[in-house]
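[1] my questions are about this predicted structure, shown below with the sequence.
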Amino acid sequence: MRGFKNKALKAACAVFAFSYGVLGVMPSICSDKDSSGTALSGNITNSISEGCISSSFIKTASSFDSNSSNISGTSSNSAFAGNTKQFARSKASKGGEYNSWGVYTLGFNEFAPKLTDYTTTVKVAVIDCGVDMDHPFLKDRLTSDGYDFIDHDYYPNDKDGHGTHVAGIIADCTRGLNVQIMPIRVMSNNYAANCDISVGVEYAVNHGADVINLSLNGAPDIYREDAIQYAVDAGVVVVVSAGNEYDDVKNWGPAQLKDVIVVSNMDDEFYSAWDTNYGSTVDVCAPGVYVYSCWNDGAFEHLSGTSMSAPHISALAAMLLIENPSLTPAQVEKKIKSYAKDLGDDGWDKYYGHGYPDMSEVKVVVPEKVELSKKSAYIKVGKSVNLVYSIIPSDTTSDYVSFKSSNSNVATVSAKGKVKGIKAGKATITATTANGLTAKCTVTVTDDSNDKQ
């Protein structure tokens, strides 16, 4: 397992684990909403990396109330100052084929079906309370490599409901697409040790996550933030909730970070939720008030909070990666912002960020054919040749191609199509688009200087 950039993490985790094991003392939760301290259940010692427990804790960013007349985050009568743009009530709030009204508001019901020809699989890690592993709506969307850092097994079943709700939103937004959810349980009773979150993030990266959803917040923590930076540096898109304290995000982590996508909360009238956090790192807003999604024991419930906003954007990040798998985290964030419809003050503002992404009219042109500049090539051992690909039609919105050699002992190929001869023999180089179209080149490698070039 690869380590964090900040090598102090594992040493600190080990010290905390030792202290917990010897003293049997559980640090109290660091939270403005609950200063009494609540112990996490189970043995916190981490069997995947080094055993750890942090002296600071983090909580989920949502609230639950089955009474629809009293949902935390409802903001129909509490719009922030400066919110002068007016919109008609979204048809999404009236329900339909999808569970979340956010699917309609963000135009995912129109965007996702345009991507069904793509064969790319994207893995979204939900680092949370786990997921209801047997939920009928989710069970076919879950990966087999999730992990439970609370009970230390490979069955990260949700005992709280929050992670199931978050995962349900992602699954709902990406129906019919190859988006898989990796459940990672680091929370119990909706709280978690920052160190467990850190190793959970590392685990997600090392097990192939393309997107990480963090619907949680707490006091800034150097080790948790270092783990998140490790994920971003590894090319993983990290989406986090802004939090629900009606406070500046600079006081809350990981929403204070700049290299992640920070999501604030809006209601179905396009007003900012009354309790959503705000500040300089808020990138976009998304539906998070009274969102209907999966719950434990195969049920469905309504929840409110930025915890519900973030997975809508995680789903969008996954969809963008389905079309163009080579996008970097920064490129994904830039694209999401480019699709945003402005809310609040003109341009970016601290409550709505750049606004909410509207994908309803986004154009998708699927590749129809891929060609290589050569169908055959001859090279000597140690020499190379460049294969250039072209995709038809030229205005395709997916220019991604992956290269693979049938025999890397004979010839290797780089991500950009540079083929190098290794030893005498033949190899087939295959270029594959994001929707599975292929083009091939037969490469003959020889150590005879008289062979064709």
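    Alright, I've got the coordinates. Residues are numbered from 1 along each chain as shown.
[2] now stretch 195-206: how far from the chain's centre is it?
    13 Å (Cα atoms, centre = their mean, to the nearest Å).
[3] now that stretch: average pLDDT?
    The pLDDT scores in stretch 195-206 average 97.
[4] can you check stretch 387-397 too?
    Mean predicted lDDT for stretch 387-397 stands at 97.
[5] got the CA positions of it in PDB?
    Only the C-alpha atoms of stretch 387-397 are listed here, as PDB (Å, rounded to 0.1, in the frame of the first residue of the first chain):
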ATOM      1  CA  LEU A 387       0.900   5.900 -33.700                       C
ATOM      2  CA  VAL A 388      -1.400   8.800 -34.300                       C
ATOM      3  CA  TYR A 389      -5.200   8.200 -33.900                       C
ATOM      4  CA  SER A 390      -8.100  10.100 -35.300                       C
ATOM      5  CA  ILE A 391     -11.700   9.800 -34.200                       C
ATOM      6  CA  ILE A 392     -14.700  10.200 -36.500                       C
ATOM      7  CA  PRO A 393     -16.700  12.400 -36.400                       C
ATOM      8  CA  SER A 394     -14.200  15.200 -35.800                       C
ATOM      9  CA  ASP A 395     -16.600  17.000 -33.500                       C
ATOM     10  CA  THR A 396     -16.900  14.200 -31.000                       C
ATOM     11  CA  THR A 397     -17.100  15.300 -27.400                       C
END
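[6] can you name the residues that contact Arg175?
    98, 112 (Cβ atoms under 8 Å, 6 or more residues apart in numbering). C-beta coordinates here come from the backbone N, C-alpha and C atoms, glycine included.
[7] at 10 Å instead, please
    Arg175 makes contact with 97-99, 103, 108-109, 112-113, 116, 137, 141, 315, according to Cβ atoms under 10 Å, 6 or more residues apart in numbering.
[8] likewise Met133?
    139, 142, 146, 155-158, 164, 183.
[9] ok, now with 6 Å
    Asn157 (Cβ atoms under 6 Å, 6 or more residues apart in numbering).
[10] same thing with Pro183?
    Taking Cβ under 6 Å, 6+ apart, one finds 126, 130-131, 146, 156 in contact with Pro183.
[11] and it, what pLDDT?
    98.
[12] and it, that's in a helix?
    No: applying DSSP: H, G, I helix; E, B strand; the rest coil, one finds Pro183 to be strand, outside a helix.
[13] that one and His135, how far apart?
    11 Å (Cβ to Cβ, to the nearest Å).
[14] so Pro325 touches Thr119, yeah?
    No: in this structure Pro325 lies outside contact range of Thr119 using Cβ atoms under 6 Å: 10.4 Å.
[15] name the helix or strand for Glu202, please.
    Secondary structure assignment for Glu202, by DSSP states H and E: helix 194-206.
[16] could you pull out the buried residues of that helix?
    194-205 (16 or more other Cβ atoms under 10 Å).
[17] go through those residues and name the one nearest Leu257.
    Nearest to Leu257 out of the buried residues of helix 194-206 is Val201 (Cβ to Cβ; 12.2 Å).
[18] what residues are up against that closest one?
    Applying Cβ under 6 Å, 6+ apart, the residues contacting Val201 are 227-228, 231.
[19] skip the chain neighbours and tell me the closest residue to it.
    Ala227 (4.2 Å; Cβ to Cβ, 6 or more residues apart in numbering).
[20] and that neighbour, that's in a helix?
    Yes: using three-state DSSP, the assignment for Ala227 is a helix.
[21] isn't it up against Gly200?
    No: the pair Ala227 / Gly200 is not scored as a contact, 8.2 Å apart, by Cβ under 6 Å.
[22] start to end distance for stretch 149-160?
    Stretch 149-160 stretches 15 Å from its first residue to its last (Cα to Cα, to the nearest Å).
[23] which parts of it are buried?
    In stretch 149-160, counting by 16+ other Cβ under 10 Å, buried: 149-151, 156-160.
[24] now do stretch 236-249
    Result for stretch 236-249 [16+ other Cβ under 10 Å]: buried residues 236-245, 247-249.
[25] end to end, how far does it reach?
    22 Å.
[26] roughly how far does Lys420 sit from Ala411?
    7 Å.
[27] go on, Trp295?
    Per Cβ to Cβ, Trp295 is found 53 Å from Ala411.
[28] which one of these two has more residues nearby?
    Remark: of Trp295 and Ala411, Ala411 carries more neighbours, 27 against 21, as counted by other Cβ atoms under 10 Å.
[29] list the beta-bridge partners for that one.
    As for beta bridges, Ala411 partners with Gly421 under DSSP bridges.
[30] that's all I had, so thanks and see you.
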